[in-house]
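In: Sequence and predicted model, in that order:
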Amino acid sequence: MSTPSQHLLIAERDALLSERNELRNHVQRLESQELVDKYDALPLLNRGTRLKFLQDFYPLLKIHTIDYRNSDELDVTSTDASNAQTSPFGSLSDSPLKPARDFQNINTVHVTFSIDCISVSLQYSTENSQMTQLKILRISPLHLSMEALIRHCEKTLNLSYFLSGCYEFIRINNFRAGLWSGLIDSQSYLQPQLKSPECMQLTSQKTKLALQISYCIEFDSLPFPDSIVSVKLYSEMEEVPHANDICSSLIKEYGLEYGLREFIRAVLS
């Protein structure tokens, strides 16, 4: 049986929760109003707000800041929403060497960072706060796949484009790897073979058909890559016509994963 003191504690708790929610809503309204009243393109002065909006724009990243008086490093990790576990994703750090400086106020900074399987090393120079040179020194192991993005960003000195393109490339690349892994697990009876990161082949002993699935990531429109999925269906003698058109229609109707599975079930089962 509840006592008067317990009722009082419950009432105080509810009042505190209500006050906390009201303060949180007030902060959110202030942040939104700050953006509404901001007419210039300069960065927000509130660093915490800037990081919050950065987190909202890049949901795959979980950003931790470290006191720059003691460290020159920014750690970046990703959260896998499927299992709610945190796994290493990458890091962004300045070179331990201080930027080179001369009497013309020219700074040269060397930066290395990694996003999942991609390791990037770049160097940029600024003069009077304006970027004058950008050089992508190394991007491993996918340098050739990102050559178009690299050339464009070096020519235009657009570091933001480069970072955005790298992030989106990794997001699509991880989705493709997950798609291949799912097909290997669910279609094991079709002897799945990963011919390359872009191509998988399934073979049906029952229908005597082989299906080749291509999933290419290309930088046709910058800075973000495009993904192109196509299929080829082979009998023992020749390629089966119109297979790609039928598969594309299923993908448009049901989405990539389900549409592709339905096509596989229809032609290989």
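Out: Right, received. Where do you want to start? Numbering: from 1, shown residues only.
In: Which strand or helix spans the residue nearest to the spatial centre of the chain?
Out: The chain has Arg171 as the residue nearest its centroid, 3.4 Å off, counting by Cα atoms, centre = their mean. Assigned by DSSP states H and E, Arg171 belongs to helix 159-186.
In: how far does that helix sit from the chain's center?
Out: Distance of helix 159-186 from its chain centroid, counting by Cα atoms, centre = their mean, to the nearest Å, is 7 Å.
In: swap in stretch 12-32?
Out: Counting by Cα atoms, centre = their mean, stretch 12-32 comes out at 33 Å from the chain centroid.
In: How about residues contacting that stretch?
Out: By Cβ atoms under 8 Å, 6 or more residues apart in numbering, the residues outside stretch 12-32 that reach it are 49, 52. Quick note: C-beta positions are derived from backbone N, CA and C, even for glycine.
In: other SSEs contacting the strand or helix carrying Arg50?
Out: If you go by DSSP H and E, Arg50 is part of helix 47-57. Helices and strands touching helix 47-57, by 3 or more Cβ pairs under 8 Å, 6 or more residues apart in numbering; DSSP states H and E, are helix 4-36, strand 61-64.
In: which of these is buried the deepest?
Out: A comparison of these by mean neighbour count, using mean count of other Cβ atoms under 10 Å, puts strand 61-64 on top with a mean of 14.
In: And the average pLDDT for it is what?
Out: Strand 61-64 shows a mean pLDDT of 58 in the predicted model.
In: same deal with stretch 165-174?
Out: 89.
In: Show residues contacting it.
Out: Under Cβ under 8 Å, 6+ apart, the answer for stretch 165-174 is 58, 60-61, 115-118, 120, 142, 145-146, 149, 153, 197, 217, 219, 222-225, 227.
In: Return the set of buried residues in it.
Out: For stretch 165-174, a neighbour-count test (16 or more other Cβ atoms under 10 Å) marks 165-171, 173-174 as buried.
In: ok, now which ones touch Gly182?
Out: Residues near Gly182 by Cβ under 8 Å, 6+ apart: Glu257.
In: With distance to Gln187 as new columns, can the buried residues of stretch 165-174 be given to me in CSV?
Out: As requested, the buried residues of stretch 165-174 are exported to CSV (distance: Cβ to Cβ, whole Å):
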residue, distance to Gln187
Gly165, 32
Cys166, 31
Tyr167, 30
Glu168, 28
Phe169, 26
Ile170, 26
Arg171, 24
Asn173, 21
Asn174, 20
